[in-house]
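A.B. asks: need a 3D model of the sequence below.
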Amino acid sequence: MKQQQHIAFKIAAIVLLLAVMLPSAVKFTHVFENHKHEVCTDYSTNHMHQIDLECEFFKFKLNTQYYPTFEVSLINSTHNFSEINTTLYNFNYNHQQLSYSLRGPPFLV
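C.D. replies: Okay, here's the model as predicted:
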């Protein structure tokens, strides 16, 4: 039973590795082929291009076209932070140091 789980785990790991590495392998083999891609620069007219069925380069898209836009806004602070709020420091005003500790020994460790 444990041997079968180990073999299944290895097969799943190899399949996942191949699925992740396939786009990179296709692009790597495309580098060494001797054909060129024509880039259309005629934007003034509407026209159709012939589809290159032998080229596998554009089947895999590795990067996304999502570019987040961030708006930067400066916060104008009108608060004066040099004032000290003394009401928070008055909680310990009537504290008296006792001669014995109020904490007992640990009950369960």
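A.B. asks: give me the secondary structure label for A13.
C.D. replies: Classification of A13 using DSSP: H, G, I helix; E, B strand; the rest coil returns helix.
A.B. asks: what's the answer for V20, then?
C.D. replies: The three-state assignment at V20 reads helix, by three-state DSSP.
A.B. asks: what pLDDT does the model give Q50?
C.D. replies: Note for Q50: predicted pLDDT of 72.
A.B. asks: what stretches of this structure score poorly on pLDDT?
C.D. replies: For the chain, residues meeting the criterion pLDDT under 70 lie at 34-38, 51-65, 76-95, 109.
A.B. asks: now do the helices in it.
C.D. replies: With DSSP state H, the ranges of helices along the chain come out as 2-31.
A.B. asks: so how far is T41 from L22?
C.D. replies: As judged by Cβ to Cβ, to the nearest Å, L22 and T41 stand 32 Å apart. The way it works is simple: take the backbone N, C-alpha and C, and place the C-beta from them, glycine included.
A.B. asks: okay, these two: which has more neighbours?
C.D. replies: L22 (11 against 6; other Cβ atoms under 10 Å).
A.B. asks: can you tell me how far that one is from I14?
C.D. replies: 12 Å.
A.B. asks: and for L98?
C.D. replies: 69 Å.
A.B. asks: and what of P106?
C.D. replies: From P106 to I14 the distance is 52 Å (Cβ to Cβ).
A.B. asks: same thing with D42?
C.D. replies: 47 Å.
A.B. asks: so which of these two has more stuff around it?
C.D. replies: Taking other Cβ under 10 Å, D42 and I14 do not tie; I14 has more neighbours (10 against 7).
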